[in-house]
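In: Return atomic coordinates for the entry below.
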Amino acid sequence: MSFTYKLLTTLILFSLLIACKDDPVTPGDNYASNLENIASDVILSTYEDLHDATEILAASLATLRINPTQENLDAARQAWRNARKPWEQSEGFLFGPVDQQGIDPAIDSWPVNETDLDAVLNSSESLTKSYVDGLDGTLKGFHTIEYLIFGVDGLKEVTSFTTRQFEYLNACSESLAGSTLQLYHSWKPEEENFIQNLLKAGETGLSIYPSQKAGLEEIVNGLVVIADEVGNGKINDPFIQQNITLEESRFSANSKQDFADNIRSIQNVYLGTYGNQDGPGISAIVNSKDASLDQVVTTAIADAVAAIESIEGTFTAAIFHAPASVQHAQTKVRDLQQLLEGEVLPLINSL
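Out: Okay, the predicted model is just below:
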């Protein structure tokens, strides 16, 4: 090997080292920690809490059936609200098994099919969990339970329950808990392990996502979808049409809480926080690329939650008597959607 060749080789190697040092693909561009925190500490933890809460709801309804007092009815209603919270906070990630396995309709179909429900209650069918499992989503899940324990006007008295309604509530709540267990297990590493698809994103044969970016895109698209649903569906439809039958969770007057928790599902994923868990979320990525955008999005999320909670009175009443407060909340949610769709998603697409 000539001296000139050795010198040329040395110069090339030195140039490569300098290039690698300045290469924009740094360890910070590995988003495994973001995906792991979102998947494990936000999504899986939310689903675990959801299942635990629906088990408590089923137990409270069993107690109500055995001892039908106003105190036990109030406890069952609160258990319903408590279980509703993690479900609504999961709607920012309605992808994967919840969609593919048809779990969502079994948990949260709306509206309730009151006509067919009355027919079932008046039938001679044995009202068991397995029977309810086989029914259409509009005859089970959160809203059927809500309808039966709150009544149409939210003022149902404990003396108004029939034996068949108690039986149906027990079967329906057990079916709901079964669906939330299915959902939790579909993600749980020791069970169906869908979570691996995010944890191993980009690893051939181990994930449905060909890259970490593809996994992140799935997550951010989920945030866009729920912002759109809240602003242009859940708030918009009953408000624009002045029709309370289109209002979800109206029997319990829980609509505002539902909407706010939907936005909190965005907040949890974006910030990477849930309960006592706090790790890198989408915000950490956005902040590393455009700190000012990250601040705008973080503020927009908080503003949307605050605007929803500031709707005057119940959502039902506000539709007619405080439309400006409803319009303000809708605008804030739509602003958030536009930020997520028009700025955050393109940033993730460009990674």
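
In: And for the closest residue to residue 97 other than its chain neighbours, the neighbour number?
Out: Once flanking residues are discounted, residue 97 sits nearest to residue 186: 3.5 Å by C-beta to C-beta, 6 or more residues apart in numbering. Heads up, the C-betas are built off the backbone N, CA and C, glycines and all. Applying other C-beta atoms under 10 Å, we find 19 residues neighbouring residue 186.

In: Which element, helix or strand, includes residue 186?
Out: helix 163-187 (DSSP states H and E).

In: From one end of stretch 236-256 to the other, what's the distance?
Out: 13 Å (C-alpha to C-alpha, to the nearest Å).

In: What's the mean pLDDT across it?
Out: Stretch 236-256 carries an average pLDDT of 97.

In: So for the closest residue to residue 125 other than its chain neighbours, what pLDDT did the model give?
Out: Among residues not flanking residue 125 along the chain, residue 131 sits closest, at 6.1 Å (C-beta to C-beta, 6+ apart). pLDDT for residue 131: 98.

In: what packs against the helix holding residue 186?
Out: helix 45-66, helix 97-100, helix 103-108, helix 114-121, helix 129-133, helix 142-150 (3 or more C-beta pairs under 8 Å, 6 or more residues apart in numbering; DSSP states H and E).

In: Next one: residue 192 from residue 185, what distance?
Out: Using C-beta to C-beta, to the nearest Å, residue 192 is found at 6 Å from residue 185.

In: mind listing what the residue lying closest to residue 162 once chain neighbours are set aside touches?
Out: Once flanking residues are discounted, residue 162 sits nearest to residue 121: 7.4 Å by C-beta to C-beta, 6+ apart. Neighbouring residues of residue 121 by C-beta atoms under 8 Å, 6 or more residues apart in numbering: 162, 164, 165, 168.

In: can you pick the most crowded of those?
Out: Using other C-beta under 10 Å as the neighbour criterion, residue 168 leads the contacts of residue 121 with 24 neighbours.

In: Hmm, residue 127 and that one touching each other?
Out: Yes - Residue 168 lies in contact with residue 127 (C-beta atoms under 8 Å); the separation is 5.0 Å.

In: Mutual contacts of those two, please.
Out: With C-beta under 8 Å, 6+ apart as the test, residue 168 and residue 127 both reach residue 120.

In: hang on, isn't the residue nearest to residue 97 packed against residue 194?
Out: Yes - between residue 186 and residue 194 there is a contact under C-beta under 8 Å: 5.4 Å.

In: any shared contact partners between these two?
Out: Common contact partners of residue 186 and residue 194 (C-beta under 8 Å, 6+ apart): 96, 97.

In: Identify the residues contacting the residue nearest to residue 97.
Out: Applying C-beta under 8 Å, 6+ apart, we find residue 186 in contact with 96, 97, 98, 101, 103, 192, 194.

In: Sort out which of those residues are buried, if you could.
Out: Buried subset of those (neighbour count, 16 or more other C-beta atoms under 10 Å): 96, 97, 98, 103, 194.

In: Now compare the residues you listed and name the two farthest from each other.
Out: The distance between the two most remote of the buried ones among the contacts of residue 186 (C-beta to C-beta) is 11.6 Å, for 103 and 194.

In: Overlap in contacts, those two.
Out: 97, 186.

In: hang on, the earlier thing: next, the angle from the helix holding residue 186 to helix 45-66.
Out: Angular relation of helix 163-187 and helix 45-66 on a 0 to 180 degree scale: 160 degrees, by axes from the mean of the first three to the mean of the last three C-alpha atoms, to 10 degrees.

In: quick one: average pLDDT of the helix or strand just after helix 163-187?
Out: Using DSSP H and E, the next helix or strand after helix 163-187 towards the C-terminus is helix 196-199. Taken as a whole, helix 196-199 has an average pLDDT of 98.

In: Nice, that's everything, thank you.
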